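# Give the three-dimensional model of this entry:
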Amino acid sequence: MWPPDPDPDPDPEPAGGSQPGRAVPGLRALLPARAFLCSRKGRLLLAESVLSFITFICYVASSASAFLTAPLLEFLLALYFLFADAMQLNDKWQGLCWPMMDFLRCVTAALIYFAISITAVAKYSDGASKAAGVFGFFATIVFAIDFYLIFNDVAKFLKQGDSADETTAHKTEEESSDSDSD
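Just a heads-up that it's a prediction; the model follows:
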């Protein structure tokens with residue numbers, strides 16, 4: 001297993017029991033933490049991934065297979081952001097503007113899903129295309145909720161920064177006007 005365990009356990013674990021404080025080796029180490037998956041952002045990213053995958057499968061089985069690229073790319077991007085947020089890569093890679101990348105991903109996904117869902121429902125008559133369109137509409141709603149929440153978080157952050165700048169500027173103006181009146 002990688003990375004190698006610095007303190008190997010000489011006694012094998014008894015069958016049917018696990019030690020409570022021990023890290024789980026193997027592929028489970030790659031899974032996001034339960035605390036993150038229970039958070040609002042974790043649930044949204046998980047819903048985006050699941051809906052994108054279901055929509056992709058429906059497009060594969062339908063006559064509207066020309067649209068299968070968009071759900072596949074959105075599925076892969078949602079998985080990337082799910083693991084990037086779960087592994088806290090935004091703290092490790094400071095050079096990237098993570099909120100803006102996530103916002104643009106959600107806006108473009110919502111617009112693309114909306115357009116291809118309308119086309120799939122209106123133009124194609126098979127059941128898989130209709131199902132892909134319906135799941136695409138659900139994905140549009142989830143992506144729209146996500147970009148709305150990201151926008152509110154960014155706007156709140158920027159407003160806090162502006163209010164701090166305004167109070168500092170207002171204090172310096174008062175100090176300079178006090179010194180002029182003397």
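
# What ranges does the chain have for its helices?
For the chain, the helices defined by DSSP state H occupy 34-37, 40-61, 69-86, 89-92, 98-123, 127-181.

# Now for Ser117, how many residues are close by?
As a burial measure, Ser117 scores 22 neighbours (other C-beta atoms under 10 Å). In short, each C-beta sits where N, CA and C put it, glycine included.

# distance of the nearest residue to it once chain neighbours are set aside from Trp98?
Nearest non-adjacent residue to Ser117, counting by C-beta to C-beta, 6 or more residues apart in numbering: Gly136, 3.3 Å away. Distance, Gly136 to Trp98, by C-beta to C-beta, to the nearest Å: 26 Å.

# Can you pick out the residue with more neighbours from those two?
Neighbour comparison, Gly136 and Trp98: the larger count goes to Gly136, with 30 against 16 (by other C-beta under 10 Å).

# what's the distance between the more buried one and Leu96?
On the measure of C-beta to C-beta, Gly136 and Leu96 end up 28 Å apart.

# what does Tyr124 give?
With C-beta to C-beta as the criterion, Tyr124 and Leu96 are 38 Å apart.

# Equivalent analysis for Arg40, please.
From Arg40 to Leu96 the distance is 22 Å (C-beta to C-beta).

# Output the below-cut-off pLDDT ranges for this structure.
The chain contains residues with pLDDT under 70 at 1-31, 163-182.

# Could you rerun that using 50?
1-5, 7-12, 182 (pLDDT under 50).

# List the contacts of the residue lying closest to Ala132 once chain neighbours are set aside.
Using C-beta to C-beta, 6+ apart and skipping residues adjacent in sequence, the residue nearest Ala132 is Cys58, 3.5 Å away. Counting by C-beta atoms under 8 Å, 6 or more residues apart in numbering, Cys58 touches Ala128, Ser129, Ala131, Ala132, Phe135.

# how many neighbours does the nearest residue to the last one once chain neighbours are set aside have?
Ranked by C-beta to C-beta, 6+ apart and with sequence neighbours excluded, the top spatial neighbour of Phe135 is Thr55, at 4.5 Å. Residue neighbour count, defined by other C-beta under 10 Å, stands at 30 for Thr55.
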